[in-house]
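Trainee: Sequence plus the predicted model coming up.
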Amino acid sequence: MKKIILPLLISFLFSSCWPTTDTGELVNQQQYKPVILERSVFENSIALQNSQPVTKSGKIYIKDDLMFVNDVNKGFHVYNYSDPKNPIRLHFIKAPGATDLAIRDNTIYINQAVDLVTTTYNSVTNKFIVTSRNKSVFPQKQAPNGLSGYVSENQIIIDWNLIK
């Protein structure tokens, strides 16, 4: 009896350790590598740049005649939205690790990886200024498969790349 139970128990334990499909086939776990910036580089990475094409669009935010389109983990495309049928590209706000923003009056709040950054933008003068940074408000970014990366205290995960 012991000779039968022990192999069954070992088989059960090992089969429950790896994710499987409904048919019992092992699931191919995708592996990701974190994209990391040193905190000093990260804190000086936000910049107003010339417009560029969207690579991976995220959330959209409209404020008055401006439309902001998140390029996931890269920054925000800024459009003149005075004619919604014909938005015109104006600028790109480079903000590595950024996924979301909120605007109140003339203040833009950017979720940049682990930090909450406060900025102002004047579309008439094209002035874009970082006014404050609240450090480590958010947790480090997780990989798309839900795994976490481990980095030193002065490193920030701004994205994840699929290992091929």
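Mentor: Structure's in. What do you need?

Trainee: and residue 42, which of the three is it?
Mentor: Counting by DSSP: H, G, I helix; E, B strand; the rest coil, the backbone at residue 42 sits in helix.

Trainee: Tell me the bridge partners for the closest residue to it other than its chain neighbours.
Mentor: Leaving aside its chain neighbours, residue 42 sits nearest to residue 156 (4.6 Å; criterion: CB to CB, 6 or more residues apart in numbering). Where you see a C-beta, it was placed from the backbone N, CA and C, and this is true even at glycine. Note on residue 156: beta-bridge partners by DSSP bridges are residue 37.

Trainee: okay, now residue 156: neighbour count?
Mentor: Using other CB atoms under 10 Å, residue 156 is surrounded by 25 other residues.

Trainee: and what of residue 146?
Mentor: Around residue 146 there are 6 residues (other CB under 10 Å).

Trainee: What are the boundaries of the strands in this protein?
Mentor: 32-38, 47-50, 57-63, 66-71, 75-80, 88-94, 98-104, 107-112, 115-122, 127-134, 155-162 (DSSP state E).

Trainee: on contacts alone, who are the packing partners of the fifth one?
Mentor: Think strand 75-80. strand 66-71, strand 88-94, strand 98-104 (3 or more CB pairs under 8 Å, 6 or more residues apart in numbering; DSSP states H and E).

Trainee: between that strand and strand 98-104, how big is the angle?
Mentor: 40 degrees (axes from the mean of the first three to the mean of the last three CA atoms, to 10 degrees).

Trainee: which residue is nearest the middle of the chain?
Mentor: residue 73 (3.8 Å; CA atoms, centre = their mean).

Trainee: and that one, how far is that from residue 161?
Mentor: 10 Å (CB to CB, to the nearest Å).

Trainee: Run through this protein and note the low-pLDDT ranges.
Mentor: For the chain, applying pLDDT under 70 flags the ranges 1-29.

Trainee: re the thing from before, tell me who's in contact with the residue nearest to the centre of the chain.
Mentor: Residues in contact with residue 73, defined by CB atoms under 8 Å, 6 or more residues apart in numbering, are 35, 56, 96-99, 141, 158-159.

Trainee: and if you look at residue 54?
Mentor: 69, 71, 77.

Trainee: and the end-to-end length of stretch 132-143?
Mentor: For stretch 132-143, the first-to-last residue distance is 28 Å (CA to CA, to the nearest Å).

Trainee: Please point out which parts of that stretch sit buried.
Mentor: Neighbour-count burial for stretch 132-143, counted by 16 or more other CB atoms under 10 Å, picks out 133, 140-141, 143.
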